[in-house]
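Engineer: Kindly return the folded structure for what I paste below:
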Amino acid sequence: MYKILVIEDDFNLRKNICEILSVEEYEVECAENGISGLHKAQNVLPDLIISDIMMPEMNGFEVLDNLMKDPETASIPFLFLTAKAEPENVRKGMKTGADDYLIKPFNIDDLLAAIQVRLKKKEINDQKIKLMQDQISLKVPHELRTPLVPILGYAELMHDEDDITQIREMAKIIRKSGKTLHNRIEKFLLYKDLIIKENDHSLTEKDNEPTLFSYNLTASIISELSKELKPERIKINVESCSIPMNEKYLGTVILELTENSLKYSGEDDQIILHGCKEGNYVITVTDPGRGMDEKEINDISAFRKFGENRFSETGLGLGLSIVRKIADLYNCKFLITSEKNRYTSCVISIPL
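Structural biologist: Residues are numbered from 1 along each chain as shown. Predicted coordinates:
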């Protein structure tokens with residue numbers, strides 16, 4: 001049974017809404033003002049909150065703002081009831097993080113329909129989180145254990161080894177495996193942070209700090225990938241531009257798309273990284289590799305690597321899912337075009 005919290009200072013309206021929801025077999029909690037509603041939300045953690053905007057002491061905007069600051073309540077669907085239909089009030093509510101609003105006086109059927117839509121969306125999000133948890137429990141331990149085995153094994157061998165040449169070779173393997181382990185942990189933590197931002201529908205001021213995108217920055221981002229590659233393997237052709245995306249996320253997009261192209265193309269294939277202003281700033285990474293069919297493109301999701309049943313690459317399979325989530329957060333268009341055994345082209349178009 002879903003639990004709904006109703007915050008409304010009008011006694012008769014509050015009573016009527018609560019009675020209707022009870023008849024519809026929802027578990028209902030009521031609060032007569034914003035302060036009481038905030039405390040109840042934090043204590044009972046409802047599945048959905050319905051709140052008036054204009055209330056004494058603490059209005060609906062302030063209630064929502066406080067809930068958004070608490071990780072435990074930030075993702076609760078929030079529905080505003082308002083007697084004001086001015087666009088600025090609607091915009092303010094949505095900008096604060098509200099999921100929907102109804103203008104008083106409203107039709108009961110409209111209220112119930114809005115509730116059902118929000119609860120259905122919550123159910124879908126909960127299923128996604130459950131699926132991710134199941135995938136984590138199955139896949140992450142194995143993927144983290146794989147690079148850990150040589151670290152522990154060679155560290156043990158080094159303890160009894162006197163040959164300095166052998167020790168150096170073992171140290172190289174330990175260092176490489178350690179970097180692999182570190183990268184996988186960082187990628188998983190980044191994906192977790194993106195899930196939280198996606199549910200909160202918000203970017204911080206730091207997230208929106210612009211980045212001067214240039215050849216030098218691009219070369220610096222992919223320098224770790226290119227150390228062991230032929231110099232001509234990655235061709236960079238980018239137009240310098242200030243892009244409204246912070247360097248961390250922009251760098252992640254470049255790194256993941258390039259790494260993915262390198263992984264699924266031949267050792268002698270050239271990866272082309274192109275960037276230019278075309279209204280938006282368009283970044284394209286193209287490789288003449290294995291390619292994907294339409295189903296594989298549509299199936300891109302967390303922990304699912306392209307061709308994982310046919311190819312032997314290890315990893316979490318998060319790369320393209322991370323790029324897609326960053327694109328969604330910044331209202332970018334992300335498009336993959338591909339042809340089997342010929343090429344794959346990943347394009348992200350960033351609004352300027």
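Engineer: Would you map the strands across the stretch 101-250 of the chain?
Structural biologist: Taking DSSP state E, counting those that start in this stretch, the strands of the stretch 101-250 of the chain run over residues 211-213, 234-238, 241-243.
Engineer: now the ones you listed in TSV, with mean pLDDT, distance to M58 and mean neighbour count?
Structural biologist: Yep, even glycine has a C-beta here, placed from its N, CA and C like the rest. Output for these, formatted as TSV (pLDDT from 0 to 100; distance: least, Cβ to Cβ, whole Å; neighbours: other Cβ atoms under 10 Å):
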stretch	mean pLDDT	distance to M58	mean neighbour count
strand 211-213	92	38	17
strand 234-238	92	49	17
strand 241-243	93	39	16
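Engineer: Quick one: closest of the ones you listed to V285.
Structural biologist: Closest to V285 of the strands of the stretch 101-250 of the chain is strand 234-238 (Cβ to Cβ; 9.5 Å).
Engineer: Tell me the strands beside that closest one, with direction?
Structural biologist: Strand pairing for strand 234-238, using DSSP bridges, gives strand 271-278 (parallel).
Engineer: What's the first helix or strand after the strand it pairs with?
Structural biologist: strand 280-287 (DSSP states H and E).
Engineer: got the angle between that next one and strand 271-278?
Structural biologist: Angle of strand 280-287 versus strand 271-278, following axes from the mean of the first three to the mean of the last three Cα atoms, to 10 degrees, is 170 degrees.
Engineer: P56 versus the closest residue in space to R118 that isn't next to it in sequence, what's the distance?
Structural biologist: What sits nearest to R118 in space, not counting adjacent residues and going by Cβ to Cβ, 6 or more residues apart in numbering, is P77, at 4.1 Å. For P77, the distance to P56 equals 25 Å [Cβ to Cβ, to the nearest Å].
Engineer: Compare these two (neighbour count), which wins?
Structural biologist: P77 (21 against 10; other Cβ atoms under 10 Å).
Engineer: which residues touch the more buried one?
Structural biologist: D47, L48, I49, D99, R118, L119, K121, K122 (Cβ atoms under 8 Å, 6 or more residues apart in numbering).
Engineer: Ok, I222 next?
Structural biologist: Here I222 is in contact with I234, I236, I254, L255, T258, L273 (Cβ under 8 Å, 6+ apart).
Engineer: so where's the stretch 251-352 of the chain shaky on pLDDT?
Structural biologist: The stretch 251-352 of the chain contains residues with pLDDT under 70 at 299-317.
Engineer: any chance you could map the helices in it?
Structural biologist: 294-298, 319-329 (DSSP state H, counting those that start in this stretch).
Engineer: closest to N12 out of those helices?
Structural biologist: helix 319-329 (42.0 Å).
Engineer: still on that earlier bit, now tabulate the helices of the stretch 251-352 of the chain in JSON lines and tack on distance to L144 and mean neighbour count.
Structural biologist: Below are the helices of the stretch 251-352 of the chain laid out as JSON lines (distance: least, Cβ to Cβ, whole Å; neighbours: other Cβ atoms under 10 Å):
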{"stretch": "helix 294-298", "distance to L144": "26", "mean neighbour count": "12"}
{"stretch": "helix 319-329", "distance to L144": "17", "mean neighbour count": "20"}
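Engineer: Which of these sits closest to G34?
Structural biologist: helix 319-329 (29.5 Å).
Engineer: and that closest one, what does it pack onto?
Structural biologist: For helix 319-329, the contact count by 3 or more Cβ pairs under 8 Å, 6 or more residues apart in numbering; DSSP states H and E identifies helix 164-200, helix 247-263, strand 333-339, strand 343-350 as packing neighbours.
Engineer: to the chain's geometric centre, what's the distance from the first one?
Structural biologist: Going back to what we said before, that points to helix 164-200. Its chain's average C-alpha position is 19 Å from that of helix 164-200, according to Cα atoms, centre = their mean, to the nearest Å.
Engineer: Now it: average pLDDT?
Structural biologist: For helix 164-200, mean pLDDT rounds to 83.
Engineer: Could I get the full set of helices for the stretch 1-150 of the chain?
Structural biologist: Under DSSP H, counting those that start in this stretch, the stretch 1-150 of the chain gives helices at 11-23, 34-44, 60-68, 87-96, 108-159.
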